[in-house]
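In: Build me a model from this:
(one chain, ligands or ions: 1)
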Amino acid sequence: MNNIIEKLKSSRLAKSIIRHGNPDNDLDRSLLMNNNFFLHLHPVKINKHGLKFNYTFGLGGISFFLFLILVITGGLLMFYYIPSTEKAYKSVLDIVYTVPYGRIIRNMHRWAAQGMVVAVLLHMCRVFFTGSFKEPREFNWVIGVFLFVLTLGLSFTGYLLPWDQLAFWAITVGSDMAKGVPIIGEEVRFLLLGGNIVDQNALIRFYTLHVFILPALAVILMFVHFWRVRKDGGISSPKNTYINSSVNTEKESQKKTYTLMTAPKNLKITYGTDKEPDELVMTYPNLLIMEIIAGVIVFLLLLLMSVYFNAPLEELANPLKTPNPAKSPWYFIALQEIVSHTTAFWGGFFIPAAAIIILMAVPYIKPDHNGVGVWFARERKKELIVFASALGLAILLTIIGQYFRGPGWSFVLPF
Ligand code: HEM
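Out: Below you'll find the predicted structure:
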């Protein structure tokens, strides 16, 4: 058997595909990463600190892995799903009850979508709580905020597709919040739905956004995001991971930022901060093996969940039968809760718009290197308290909206 494997490995066909030898030395380990289209997303070497599981919890990678699962399961669902108000619900019933493994594929798609919203949110929190948004990673944080909005958009547009009562009313309530945009609120809602009510036009718009426009944008932004992680010096660290070049100039404005991996040779350089540079280790096997293990665990958990728990599917959408209360998807329910106490302007426009703008501005408000790469660093106490309080409030409102609201949005106990 070993003999056959060796022969296959040394065949011309194998050599034309895989150009490196056994990755048991640093040269072949580098070639493995560099010569593979997919693996060369990673650099050959990475900062040692970024490898620590309890630093990143692999959350960015898990978000990406869930996205890949969503693309694959979504593609399979598209073989059967029909985006028409007449046929959508029936096609989903077919997927669940007659298509082989259809139920599991649908469940995986639905649970992975929820999982991705949670993973991206947690990833954003980890980046914030470790101060990793600071120079030179400010712009990657901004790209991250766009990715967060896109993730919510992907989930929201998918919500309508089963065309059941849950979908129809969640989108009716969710899109009603768009009316809160001053002056052009009605027009924004009209643009989103392709009309005044949720019907065929809305379904085809949401479908197109869900299967093509938003995923395409997300893919582009994700690759820019990964590319910048590399260009900004890899994962942040309490040690230094990037270099400022002060070649031929003392002027701050003419200094350029390089990373430990990309700095041209023979430059007169000063380190990005006065900290020691971080140690570099080989990506294979250190990071790659961890990624494979994390991927297998996430996949198995998702599969297990999809076997035992079915994604919700209520009765066929009925515009004449309003559930009481009609709730938006859970990630917008904090906003719905705010609207119930104020007006659509605050919950549907001002607060979400202000939150996005403030999030994007965060790295530029107070540029410093305080506590970068350290969880909950004392030097960043004030900003940590503000972020944690806003997050805590959003979670509290979500729990109230989700579990403690009954008919007429009255306060009820869930048990
Ligand atoms: C689809 C969503 C996203 C994906 C797939 C993704 C993926 C990743 C990956 C793989 C990394 C490197 C490893 C890690 O930190 O786990 C990373 C780092 C980073 N991400 Fe994201 N991300 C997403 C959304 C976000 C969001 C919402 C933010 C913030 C608003 C963000 C900001 C950053 C920053 C600043 C880094 C560099 C962190 C450091 O150097 O420590 N990302 N992202």
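
In: doesn't residue 163 make contact with residue 315?
Out: No: using Cβ atoms under 8 Å as the test, residue 315 is too far from residue 163 to be in contact (10.6 Å). (C-beta placed from N, C-alpha, C; glycine too.)

In: Between those two, tell me which one has more neighbours.
Out: Taking other Cβ atoms under 10 Å, residue 315 and residue 163 do not tie; residue 163 has more neighbours (24 against 10).

In: quick one: contacts for the spatially closest residue to the more buried one that is not a sequence neighbour?
Out: The spatial neighbour of residue 163 that comes closest, neighbours along the chain excluded (Cβ to Cβ, 6 or more residues apart in numbering), is residue 88 at 4.0 Å. Neighbouring residues of residue 88 by Cβ atoms under 8 Å, 6 or more residues apart in numbering: 81, 82, 161, 162, 163, 203.

In: residues of the strand or helix carrying residue 121 that come out buried?
Out: In this structure, residue 121 sits in helix 102-129 according to DSSP states H and E. Of all the residues in helix 102-129, those buried under the rule 16 or more other Cβ atoms under 10 Å are 102-103, 105-117, 119-121, 123-124, 126-129.

In: swap in stretch 10-26?
Out: residue 23.

In: so how far is that stretch from its chain's centroid?
Out: Remark: stretch 10-26 is offset 35 Å from the chain centroid, using Cα atoms, centre = their mean, to the nearest Å.

In: What's the end-to-end length of it?
Out: Here the two ends of stretch 10-26 are set 20 Å apart, with distance taken as Cα to Cα, to the nearest Å.

In: which residues sit against it?
Out: Applying Cβ under 8 Å, 6+ apart, the external contacts of stretch 10-26 come out as 8, 28, 29, 31, 32, 35, 282, 284, 285.

In: can you tell me which residues contact the fifth one?
Out: Contacts of residue 32 were listed using Cβ under 8 Å, 6+ apart, and they are 20, 23, 39, 284.

In: residues in contact with the nearest residue to residue 167 once chain neighbours are set aside?
Out: Spatial nearest neighbour of residue 167, excluding adjacent residues (Cβ to Cβ, 6+ apart): residue 160 at 4.9 Å. Neighbouring residues of residue 160 by Cβ under 8 Å, 6+ apart: 167, 168, 170, 171, 198, 202, 203, 206.

In: and the second one, what helix or strand is that in?
Out: Mapping residue 168 onto the secondary structure by DSSP H and E places it in helix 165-176.

In: Buried residues of the following helix or strand past that helix, list them for me.
Out: Following helix 165-176 in sequence order, the next helix or strand is helix 185-193 (DSSP H and E). For helix 185-193, the buried set under the neighbour-count rule, 16+ other Cβ under 10 Å, comprises 185, 188, 189, 192, 193.

In: Near the ligand, which residues of the protein are found?
Out: 56, 58-61, 63-64, 120, 123-124, 127, 132-133, 137, 140-141, 144-145, 147-148, 151, 222, 225, 229, 235-236 (Cβ under 6 Å from any ligand atom).
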